[in-house]
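Engineer: Return a 3D structure for these sequence lines:
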Amino acid sequence: MTKNPFARAVPAALLGAVLSASAMTVPALADVKDYRFELVQQEAKVGEAVIAVRLVDRRSGKPVTDAVVFAKRLDMAPDAMEEMATKVEQVPSTEPGVYRFKAKLSMQGRWRLSLAAKVQGETGTVEDKLVLQAAK
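Structural biologist: Below you'll find the predicted structure:
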């Protein structure tokens, strides 16, 4: 009985081809560290203010439009008054990748906006802390 020398080589070659083809079609997954929030404007007026932030994919620089912002806090921690907090309400935005929040800035100074969001298709939470200046 003669054995074919290719009997083992052919299945191994086919398996290798299938594995390498499937590795090429799997998209690279991002990490929550690949995203960041940025203030659209660094300053707001004291009183009723609308604060706009942009969520950006650091790798491409493009805005992220489908995130769900589920945690938000605005306080004066940068001026050593963390207990000085105010309510933050998310309001609709007409610009893709821009998330808008309405708040009452009761006094001049630096305010910290803390945000947490889920990006569709990613595991983990994008968290960021931004500092804006309230002026008269």
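
Engineer: Could you pull up the contacting residues of Gln41?
Structural biologist: Neighbouring residues of Gln41 by C-beta atoms under 8 Å, 6 or more residues apart in numbering: Ala52, Leu132. Placement of C-beta: from N, CA and C, glycine included.

Engineer: er, Trp111 actually
Structural biologist: Ala44, Leu74, Asp75, Met76, Pro78, Leu105, Val131, Leu132, Gln133, Ala134.

Engineer: try Asp128
Structural biologist: Neighbours of Asp128 in contact, by C-beta under 8 Å, 6+ apart: Arg36, Phe37, Ser114, Leu115.

Engineer: circling back to that earlier point, show me which of the contacts of Trp111 are buried.
Structural biologist: If you count burial by 16 or more other C-beta atoms under 10 Å, the buried members of the contacts of Trp111 come out as Ala44, Leu74, Asp75, Met76, Leu105, Leu132, Ala134.

Engineer: per-residue pLDDT, the closest residue to the fifth one other than its chain neighbours?
Structural biologist: Among residues not flanking Leu105 along the chain, Ala134 sits closest, at 4.2 Å (C-beta to C-beta, 6 or more residues apart in numbering). The predicted local confidence for Ala134 comes out at a pLDDT of 97.

Engineer: Dig out what Ala134 forms beta bridges with.
Structural biologist: Ala44, Gly109 (DSSP bridges).

Engineer: hmm, back to that, and the buried ones among the contacts of Trp111, which of them are in strands?
Structural biologist: Residues of the buried ones among the contacts of Trp111 located in strands (DSSP state E): Ala44, Leu74, Asp75, Met76, Leu105, Leu132, Ala134.
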